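Enquirer: I would like to see how this sequence folds:
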Amino acid sequence: MVFSSLTFLLYFLPITISVYFLLGFSIKLQNTWLLIASLFFYAWGEPVYVLILIASVIINYILGLFIGKYKDKNKSVAKVFMVIDVVVNISILFVFKYMGFFVGIINGIIGFELLVVPQIVLPIGISFFTFQALSYAVDVYRGDANVQKNPFYMGLYVAFFPQLVAGPIVRYKTIAEYINSRKFNIDTFSDGVCRFAVGLIKKVLISNTIAVVVDKIYLLTETGADLYSVSVVMAWTGAIGYMLQIYYDFSAYSDMAIGLGKVFGFEFEENFNYPYISKGIGEFWRRWHISLGTWFKEYVYFPLGGSRVDNQDFMVRNTFIVWFLTGLWHGASWTFILWGLYNMIFILVERLLGFEKWKNYFGLKYLYSNLIVLFGWVLFRAESLYVMREFFANMFGVNGNKFVDATSIMILKEYWMVYIPAIIFSAPIAKMLRTKLLNHDRLIVRGTCKVAYVLLLALGITVTMLCLIRGGYNPFIYFNF
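Expert: Numbers count the residues shown, from 1 in each chain. You can find the predicted model right below:
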């Protein structure tokens, strides 16, 4: 079940919210209801693999109890249980996400099919809820979080449906207080509804629309230059389109997740902060998928020593490990691994040159940052090294392809009204304008801004619902991870 489906919007969400507030006299019953609703939400699309989710909850709950029991009495024993927790979680992730990839590598190295490649369907969101469960065990071991003795509350933390299948990755200590105690606040509820609406509009009206163009161009690229020649303009249209699509797809999901959290009284941390206004790749990754970057920093990079090491070779090693794992986390494919190492190279170069301390050339830094990210997204989107090579060749006209053709002109004419607003609103222009108007000295200006905001959201939701009722392309990119 996806947030931008009629099943979710017209049935699941209204019922869940209604029952939740009817149970407002007991937070325990509310938590139990949210856990039941979350398991149903996951089982809707994964009726078998919901057992994996439940098993993850039970395993991490039990091991968390042992870690909490021994972390003050006998640190060595607590460490053993923590290591067991890490091994079990990584093993589950390996079996379902990476086993086929590594079996294929082994067969390729020895030159024949020694091992049968397992055909295992990837459970939706397994990377997200596994990392979330892992952070709980490590935080309890470190003393950064108290052990959760209520198995249902542990289940709610891991399985809470707003952020279950595509994040943001939430650390237990961030929401522990909300699980145990929270109160209804009409302002927070209203903010949550508006935030969800913004995310839904971004997803359906922008990301889904651009996805049609992008997927078509990549499909034509995959057929090969012998069968169809993708022009330079068309290739760049596809590359820029995917850059916009993935931002509006994933940031929209984060908006909806954060909004739903507010509706139920939970506060999740921001996951995106206008990454395309960055002036460097290092800054970009502090603004993009913030929860994942924070996870790798807290649980991999810092424990390895981070950048505060005497030998800079160790800093390079630590950065390599983080970005190799970041690429692998996104998928069992060489293109994802290369994408991770590609980003690592620019981050290391920027760090060694002190790039972020350069005070001038802001325009060139913006251009550099977005070009590097754009090329990185081409690598990220390509389903194989062959498609990656073909796409780059088409972008730079070295595939014997034309600079522009009738099809690329037609695409630009039909979709410029989506591309241009998407580019404009990927910067915080609307946010800054709204903040300025809401802080205006004149009451009438502030009031007009609030009314206009609600009316625009209502109009956007109306158009969005009409699009969903009509039917159309409705993928979620990060459900694949």
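
Enquirer: what about Thr462, how many neighbours?
Expert: The number of residues packed near Thr462 is 10, by other C-beta atoms under 10 Å. From N, CA and C alone the C-beta is placed, and that goes for glycine too.

Enquirer: And the one helix or strand it maps to, how far out from the chain middle?
Expert: Take DSSP states H and E as the rule and Thr462 turns out to sit in helix 443-470. From the chain centre to the centre of helix 443-470 is a distance of 26 Å (C-alpha atoms, centre = their mean, to the nearest Å).

Enquirer: which strands and helices sit next to that helix?
Expert: Using 3 or more C-beta pairs under 8 Å, 6 or more residues apart in numbering; DSSP states H and E as the contact test, the elements touching helix 443-470 are helix 186-201, helix 429-438.

Enquirer: just the angle between the first one and helix 429-438, please?
Expert: Computed by axes from the mean of the first three to the mean of the last three C-alpha atoms, to 10 degrees, the angle separating helix 186-201 from helix 429-438 equals 150 degrees.

Enquirer: Check which helices and strands helix 186-201 is in contact with.
Expert: Using 3+ C-beta pairs under 8 Å, 6+ apart, helix 186-201 sits against helix 232-263, helix 443-470.

Enquirer: List the residues that contact Leu437.
Expert: Contact analysis of Leu437 by C-beta atoms under 8 Å, 6 or more residues apart in numbering lists Val445, Arg446, Thr448, Cys449.

Enquirer: how about a cut-off of 6 Å?
Expert: Leu437 makes contact with Val445, Cys449 under the criterion C-beta atoms under 6 Å, 6 or more residues apart in numbering.

Enquirer: Against Ala197, how distant is it?
Expert: Going from Leu437 to Ala197 by C-beta to C-beta, to the nearest Å gives 19 Å.

Enquirer: ok, now Ile290?
Expert: Where Ala197 is concerned, Ile290 sits at a distance of 22 Å (C-beta to C-beta).

Enquirer: Show me how far the helix or strand hosting Pro421 is from its chain's centre.
Expert: Using DSSP H and E, Pro421 sits in helix 406-424. Put simply, helix 406-424 sits 26 Å off its chain's centre (C-alpha atoms, centre = their mean).

Enquirer: what about that helix, average pLDDT?
Expert: Mean pLDDT, helix 406-424: 93.

Enquirer: ok, and what's touching that helix?
Expert: Helix 406-424 has contacts (C-beta under 6 Å, 6+ apart) with Ile206, Thr209, Val213, Ser231, Val233, Met234, Thr237, Leu244.

Enquirer: Sketch out the low-pLDDT regions of this structure for me.
Expert: Applying pLDDT under 70 to the chain flags residues 472-481.

Enquirer: let's see it at 50
Expert: When residues are selected by pLDDT under 50, none of them lie in the chain.

Enquirer: State the distance from Phe284 to Lys297.
Expert: From Phe284 over to Lys297 the distance is 15 Å, taken as C-beta to C-beta.

Enquirer: Tell me which of those two has more neighbours.
Expert: The residue with more neighbours, out of Phe284 and Lys297, is Phe284; 21 against 15, by other C-beta under 10 Å.

Enquirer: deepest of the helices and strands packed on helix 443-470, which one?
Expert: Across the helices and strands packed on helix 443-470, the average number of neighbours (mean count of other C-beta atoms under 10 Å) peaks for helix 186-201, which reaches a mean of 18.

Enquirer: quick one: Asn394 and Val214, what's the gap?
Expert: As judged by C-beta to C-beta, Asn394 and Val214 stand 14 Å apart.

Enquirer: Show me which of the two is the more surrounded one.
Expert: A direct count of neighbours by other C-beta under 10 Å for Asn394 and Val214 places Asn394 higher, at 26 against 21.

Enquirer: Tell me who's in contact with that one.
Expert: Contacts of Asn394 by C-beta under 6 Å, 6+ apart are Val230, Ala235, Asn401.

Enquirer: ok, it to Tyr415 distance?
Expert: According to C-beta to C-beta, Asn394 stands 18 Å off from Tyr415.

Enquirer: Okay, Met395 and Val378: tell me how far apart.
Expert: Per C-beta to C-beta, Met395 is found 7 Å from Val378.
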